[in-house]
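Colleague: would you be able to build a 3D model of this:
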Amino acid sequence: MTHAYHVIANPNAAGGRVKRLLPQLREALDRHSVPYRMDLTERPGHAGELMAQGRADGARGLLVVGGDGTLHEGVSGLLRDGDGERAGGLAVLPVGTGNDFHRMVASDGSMESAIRDLLHGRVRRFDVGRVRWPGGEDVFVNLFGVGLDVAVLERRHTFRRLPGLLQYLAALAVSVVRFQPLSLDLTAETAEGALIERRVESLLAAVTVGPSVAGGIRLSPQARPDDGALDLFITDGLGVGGVVRHLPKVLRGTHRRIRGVHMHQVHRVRVAAADDVPLRFELDGELMPEAVPWLEVEIIPGVLPILEAV
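Modeller: Numbers count the residues shown, from 1 in each chain. Reported below is the predicted structural model:
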């Protein structure tokens, strides 16, 4: 039997919710007479290996079941040593903590919708970000960040019983009290071709593909995943009091005029530690294991074929 579609599921996503959904998913795929192969991730990085295998096998479509971290791993594998063209389109069944990537997709997030996207969805080509640092590189499908978001991720597990956005907000409340701004040297090429160079004292520097992070915080409300640009959000001189005072505006995406917040559409960004303290960073809500002196971010436009409702 030819397995025209490849399903990749992370059974541990969302506290094991995916594992509990698998019998229902298999039943739904069989009901729709979908010829598929299903693989479950078994270790960190396995989603990338499985996605690359699906590409190599020439799968007509891929369905990722899990959260943003699972999708991050999978897309890293999909784009490794190629551009993903041979894999057909990618559909997403969002079962994670934040699910910010899926907020960019024109589908309702249900199982039936994900299957319809897989079988009948149109391809919409999303941008992806690429990050390089000394000795390594990776991609991100929605978020690169240094600063306060790293501290939040380090504490998020304490609140894992809370739903997505509340989990992040609880970790933020604990983290922001003690967090000290980072001294950063920032260089960016804007989408209009202008060059930005500045030293900042920043609580958060983030580059996004889409508008929301951390389960729905609208950090870059004007961002679009297929506009050929990344969106830079950075604070400079904004203290803890400012974060607390302006958080409601950030949640609503109405923070563009806040003093100490800078937002730009960019093609490239370089972030470097202005002191001798290496930078911890995160990609798509996953902490990266090493601290580095600098990071370079650039856009890979239109490289990710996403299947979504017609």
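
Colleague: where does pLDDT dip in the stretch 1-150 of the chain?
Modeller: By pLDDT under 70, the weakly predicted segments of the stretch 1-150 of the chain are 1-3, 14, 81-88.

Colleague: likewise for the stretch 151-300 of the chain?
Modeller: Flagging of the stretch 151-300 of the chain using pLDDT under 70 yields the residue ranges 163-164.

Colleague: ranges for the helices of it?
Modeller: Remark: helices assigned in the stretch 151-300 of the chain by DSSP state H, counting those that start in this stretch are 164-176, 240-252.

Colleague: so the first one versus helix 240-252, what angle?
Modeller: Pointing back at helix 164-176 there. With axes from the mean of the first three to the mean of the last three C-alpha atoms, to 10 degrees defining the directions, helix 164-176 sits at 170 degrees from helix 240-252.

Colleague: related to what we said a few turns ago, most neighbours per residue, which of the helices of the stretch 151-300 of the chain?
Modeller: Stretch with highest mean neighbour count among those: helix 164-176 (a mean of 18; mean count of other C-beta atoms under 10 Å). Using the backbone N, CA and C atoms, a C-beta is placed for each residue, glycine as well.

Colleague: that one: how far from the chain's middle?
Modeller: In terms of C-alpha atoms, centre = their mean, to the nearest Å, the centre of helix 164-176 is set 18 Å apart from its chain centre.

Colleague: quick one, the longest helix anywhere in the chain and helix 164-176 angle?
Modeller: Assignment by DSSP state H gives helix 13-31 as the longest helix of the chain. Calculated by the same axes, to 10 degrees, helix 13-31 forms an angle of 160 degrees with helix 164-176.

Colleague: what packs against helix 13-31?
Modeller: Under the contact definition 3 or more C-beta pairs under 8 Å, 6 or more residues apart in numbering; DSSP states H and E, helix 13-31 sits against strand 5-9, strand 36-40, strand 61-66, helix 111-120.

Colleague: ok, back up a step: will you turn the helices of the stretch 151-300 of the chain into JSON lines that also has distance to M111?
Modeller: Shown next, in JSON lines, are the helices of the stretch 151-300 of the chain (distance: least, C-beta to C-beta, whole Å):
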{"stretch": "helix 164-176", "distance to M111": "18"}
{"stretch": "helix 240-252", "distance to M111": "29"}
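
Colleague: lovely, talk soon.
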